[in-house]
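J.: With the input below, show me the fold.
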Amino acid sequence: MPTLTNDGVTLHYYVQGDGRPILLVHGFASSFRRNWVNTGWVDLLLDNGYKVIGLDVRGHGRSDKPHRPAAYDPALLCQDALLALEVAAEGKPADLLGFSMGAGIALRLAMAHPERFRRVAVGGIGDDAICTLADPATISAIADGLDAADSSTITLPTARRFRTFAEADDTNDLPALAALMRGRGWPACLDDVLPIPRPVLLVHAANDEFMPAVDRLAGAISGARLVTLDGHDHLSMVGADAFQETVVDFFWEGL
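T.: Next up is the predicted model:
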């Protein structure tokens, strides 16, 4: 598995297929394999003629896991993903898909480097991804819950859900995830919502318990197409047929 280094952090990245490039960015406390391989996304995209490019975001999977909040500045998270793209895409414009934390990274990338992308699809993100709309007390409680020596002491339901999801993957390093959460609020939150001169698809689960509202974010991204998945929550949407079909159909438009 190839690696690259940015700001002293070693990152594992993935490249499969020979078609048109697509960059995948996974969610918090997940990994490329957990988010994209185990849910069937990689096989689906390979079957649809893609060259799949992704990475284990710093603090996750097989990549280094610093315990310093400053190591998780959103600018660094974006640089990491862009470096993986530059290595593997051979200069071709790529489609871009991000989920949850990865959706925030994807939107930041598309705002800063629209020339690198053809179309952008994100899921599992909502209004609280805008830094000024997030609740600092909730973010602090989630970080404290990840750091807690005894998970039974966690009282905030959202913090308990984050801890349970993180503990389900034995490759996770809880202090590293807590450091990421303390770095800049919600991981990869958006300081500003800037124009994205590319088609943007925003997919939202109707029962998303982490990002329940999405209208302000959707309205701030001029021209974004919003699709709501009924019957799904934040975690169940990742591998849902409706999510995958909606995204693949969106990417096929204009080809």
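
J.: where are the low-confidence patches of the stretch 1-150 of the chain?
T.: Low-confidence segments of the stretch 1-150 of the chain (pLDDT under 70): none present.

J.: all strands of it, in order?
T.: 3-6, 9-16, 20-25, 50-55, 94-99, 117-123 (DSSP state E, counting those that start in this stretch).

J.: Quick one: closest of the ones you listed to S63.
T.: strand 9-16 (4.5 Å; C-beta to C-beta). All C-beta atoms are positioned from the backbone trio N, CA, C, and that covers glycine.

J.: Let me see the ranges of the helices in this structure.
T.: 32, 41-47, 74-88, 101-112, 136-147, 157-167, 174-183, 215-220, 241-252 (DSSP state H).

J.: So which residue is dead centre in this protein?
T.: The C-alpha lying nearest the average C-alpha coordinate of the chain belongs to G102 (C-alpha atoms, centre = their mean; 1.1 Å).

J.: contacting residues around it?
T.: L24, V25, H26, G27, N35, V57, V122, A188 (C-beta atoms under 8 Å, 6 or more residues apart in numbering).

J.: Spatially, and excluding backbone neighbours, which residue is closest to it.
T.: In this structure, G102 finds its nearest non-sequential neighbour in V25, 3.3 Å apart by C-beta to C-beta, 6 or more residues apart in numbering.

J.: Can you verify my assumption that the one you found contacts D95?
T.: No. Using C-beta atoms under 8 Å, V25 makes no contact with D95, being 11.9 Å away.

J.: Pick out whichever of those two has more residues nearby.
T.: V25 (31 against 23; other C-beta atoms under 10 Å).

J.: And that one, how close does it get to A148?
T.: Distance, V25 to A148, using C-beta to C-beta, to the nearest Å: 28 Å.

J.: next one: A134
T.: According to C-beta to C-beta, A134 stands 21 Å off from A148.

J.: dump the residue contacts of the nearest residue to I22 once chain neighbours are set aside.
T.: Closest residue to I22 apart from its sequence neighbours, by C-beta to C-beta, 6+ apart: D95 at 4.3 Å. The neighbourhood of D95, defined by C-beta under 8 Å, 6+ apart, consists of R20, P21, I22, L23, Y50, F117, R118, R119, V120, A121, F251.

J.: Tell me how far the last one lies from A143.
T.: For F251, the distance to A143 equals 35 Å [C-beta to C-beta].

J.: and what of the fifth one?
T.: To A143, Y50 is 36 Å away according to C-beta to C-beta.

J.: list the contacts for I154?
T.: I154 is in contact with D144, G145, A148, R160, R163, counting by C-beta under 8 Å, 6+ apart.

J.: I'd like to know how many residues surround the second one.
T.: This means G145. The tally of other residues near G145 (other C-beta under 10 Å) stands at 24.

J.: Also the third one?
T.: Here the count is done by other C-beta under 10 Å, and A148 has 16 residues near it.

J.: so what's it closest to, chain neighbours aside?
T.: Per C-beta to C-beta, 6+ apart, closest to A148 is I154, 5.8 Å.

J.: Tell me which of the helices of the chain sits nearest to E209.
T.: helix 157-167 (6.9 Å).

J.: counting contacts, what elements does that closest one pack onto?
T.: Packing contacts for helix 157-167, counted by 3 or more C-beta pairs under 8 Å, 6 or more residues apart in numbering; DSSP states H and E, involve helix 136-147, helix 174-183.
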